[in-house]
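Undergrad: dropping the sequence and predicted coords here.
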Amino acid sequence: MIVNGRNISRPSYNRLKSVFEAVSQYYGYDLDDLRGKHKTQGVAQARHLAMYLSWPYAIKSDIAAFAHRNHATVIHGIRNTEFRIENKDISQDELDLIREQVSQYMKKATPIRIKTIK
């Protein structure tokens, strides 16, 4: 699947979409807001959190392509979120709630069918 000029595998795309949808719903934004050019503080912080939560599921360049950003912006977003977590700007309870939503979205994601060769 080609996203923002980069080829992203279907499983990676589905995981990224699940994370970004869960975060956008939690904060009351549209998915397009997190992937768009909005630079308001609330949208940017939600986008950074989505990047941080996506990191275990995809490489940074795939996250960048999905979010319509560059690699350096993804690194900044992840570091910014780590800083906010360390300084208690984001509570562990909030993170747990969002992670639970992410897992619910991933369960809804279209499963990939793998053909077995006999």
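TA: Thanks, I have it.
Undergrad: remind me which residues of the chain are low pLDDT?
TA: Along the chain, segments meeting pLDDT under 70 span 110-118.
Undergrad: any idea how far H68 is from R47?
TA: For R47, the distance to H68 equals 10 Å [CB to CB, to the nearest Å]. Placement of C-beta: from N, CA and C, glycine included.
Undergrad: between these two, point out the one with more neighbours.
TA: Using other CB atoms under 10 Å, the more surrounded residue of R47 and H68 is R47, with 27 against 13.
Undergrad: how near is the more buried one to K37?
TA: Distance from R47 to K37, by CB to CB: 11 Å.
Undergrad: next: H68.
TA: 8 Å.
Undergrad: now N87
TA: 27 Å.
Undergrad: please name the nearest non-neighbouring residue to I78.
TA: Spatial nearest neighbour of I78, excluding adjacent residues (CB to CB, 6 or more residues apart in numbering): Y52 at 5.0 Å.
Undergrad: contacts only, for the one you found.
TA: Neighbouring residues of Y52 by CB atoms under 8 Å, 6 or more residues apart in numbering: G77, I78, T81, E82.
Undergrad: so which of the residues you listed wins on neighbours?
TA: Neighbour max across the contacts of Y52 (other CB under 10 Å) = G77, 25 neighbours.
Undergrad: dihedrals phi and psi, that one?
TA: phi -60, psi -40 (degrees, to the nearest 10).
Undergrad: ok, it to A46 distance?
TA: Counting by CB to CB - G77 and A46 are separated by 10 Å.
Undergrad: in a strand, K88, correct?
TA: No. Read with DSSP: H, G, I helix; E, B strand; the rest coil, K88 is coil and lies in no strand.
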